[in-house]
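[1] Fold the following, please.
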Amino acid sequence: MDLKSNHTAPVLTDPAPISKSRMGVHSSLLPYTPGAAFSSNLFLTIPRKKTGVLDDFRSSSWVDTMKSSSPPHKKMTKDLSNEISFADTDVAYRTWTLKYPSALTSFEQIANFAKGKRIALFLDYDGTLSPIVDNPDCAFMSNAMRSAVKKVAKCFPTAIISGRSRDKVYEFVGLTELYYAGSHGMDIMGPVRQSVSDDQPNCMRSADKQGKEVNLFQPASEFLPMIDEVYSSLVDSTKDIKGAKVENNKFCVSVHYRNVDEKSWKSVAQCVYDVIKNYPRLRLTHGRKVLEVRPVINWDKGKAVTFLLESLGLSNCDDVLPIYVGDDRTDEDAFKVLRERNCGYGVLVTSVPKESNAFYSLRDPSEVMEFLKSLVMWKKSSAL
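    Modelled structure (predicted):
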């Protein structure tokens, strides 16, 4: 089936807006059957304007969105006006935490709710376990963070769900105690459960780095040739834009503009549009100074959480408490699932006030590490 066509332009959109829709496990885990025609109801429904997608790039709103996707880091100076600005920001953040309280200061409340429950932990990588850095290839986690993740994974089922490729995340983390989901959950390596592998046409038995049998779930596997093609084209089209970096995350392509002069951001967006305009089955979203090209299938980090909970045998159980910690727009899909199902907590990692589906907050990866350590200490004390 040829998915490349010039009849319909791709849609540039943010991740799906917050809604009250509920997600059933079985109906949502079947994007399509390999070799079969794509079902229209399994693709994201996105309105298409007659004026064309290019108008979105030409409008200031899309460029403004690119600017706001990752607020610039504030540098400390002795300038009085900056000190006042910092004070105002700190007050705004403290006010914001009334709605999204710190998961550290609220840990006793979380622990009380967790009594008698089995915790399942889900973690984003960039900006959560590692700091946001200029070069995405250098987003290394500290040895202290690795130790904290290793210890928490011995206490609770733990998975990392990242926009990165699964292999890249594993390379950064290097822990065999975890489950990994790359490409925003479109490439999941999870525990073997007969019911899951038998029911899912895109699920196959495989082996991890140590030879242990696992389930490998790739709902967008038919998009691989298309993603590789788009990646090569984007590398070529952006090669003359200083600072632009294109990353192949297997089932999605990330175009980083963090190191691009702001005057050239529109050029980056135009290059991406020119490449994907003939791919109606691909959509463009954005994260923290990154444009991401992804398949238009009904799958995201929220559904990855649902799939992993079912794989772990923890789905639809009253004694399970899922906790998801993440910092990006794409993590909102997971926060939303936990909020709508009223079964767990989303924890947003940010030092800047923003609306979220999360329940709690943490400022940065250092606070994430302290939260993980607190979970381990609580687990050990509750076992005494």
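[2] Domain boundaries for this protein, per the record?
    Per the TED database, the domain ranges recorded for the chain read 99-219+299-382, 223-295.
[3] Just the C-alpha atoms of the one helix or strand Leu291 maps to, please, in CSV.
    Here Leu291, judged by DSSP states H and E, is contained in strand 290-295. Coordinates of the C-alpha atoms in strand 290-295 are reproduced here as CSV (Å, rounded to 0.1, in the frame of the first residue of the first chain):
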residue,chain,number,x,y,z
VAL,A,290,11.9,20.5,18.5
LEU,A,291,9.6,19.7,15.6
GLU,A,292,8.5,16.1,15.4
VAL,A,293,7.2,14.2,12.4
ARG,A,294,5.0,11.3,13.4
PRO,A,295,2.6,8.8,11.9
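[4] average pLDDT for that strand?
    The pLDDT scores in strand 290-295 average 93.
[5] Show me what that strand is packed against.
    helix 224-237, strand 253-256, helix 265-276, strand 282-287 (3 or more Cβ pairs under 8 Å, 6 or more residues apart in numbering; DSSP states H and E). Every C-beta, even on glycine, is put in place using the N, C-alpha and C of the backbone.
[6] make it 10 Å
    Applying 3 or more Cβ pairs under 10 Å, 6 or more residues apart in numbering; DSSP states H and E, one finds that strand 290-295 makes contact with helix 224-237, strand 245-248, strand 253-256, helix 265-276, strand 282-287.
[7] Which strands border it, and is each parallel or antiparallel?
    strand 253-256 (antiparallel), strand 282-287 (antiparallel) (DSSP bridges).
[8] got JSON lines for the domains of the chain, with distance to Met66 too?
    JSON lines is the format used below for the domains of the chain (distance: least, Cβ to Cβ, whole Å):
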{"stretch": "domain 99-219+299-382", "distance to Met66": "12"}
{"stretch": "domain 223-295", "distance to Met66": "5"}
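[9] In TSV, list those domains along with mean neighbour count.
    As requested, these are exported to TSV (neighbours: other Cβ atoms under 10 Å):
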stretch	mean neighbour count
domain 99-219+299-382	19
domain 223-295	20
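[10] of those domains, which approaches Ala92 most closely?
    domain 99-219+299-382 (5.5 Å; Cβ to Cβ).
[11] model confidence over the closest one, on average?
    91.
[12] ok so, going back, which stretch in the strands paired with strand 290-295 has the least confidence?
    If the strands paired with strand 290-295 are sorted by mean pLDDT, strand 282-287 sits at the bottom with a mean of 87.
[13] Is Asp167 in contact with Tyr180, as I believe?
    Yes. Between Asp167 and Tyr180 there is a contact under Cβ atoms under 10 Å: 8.7 Å.
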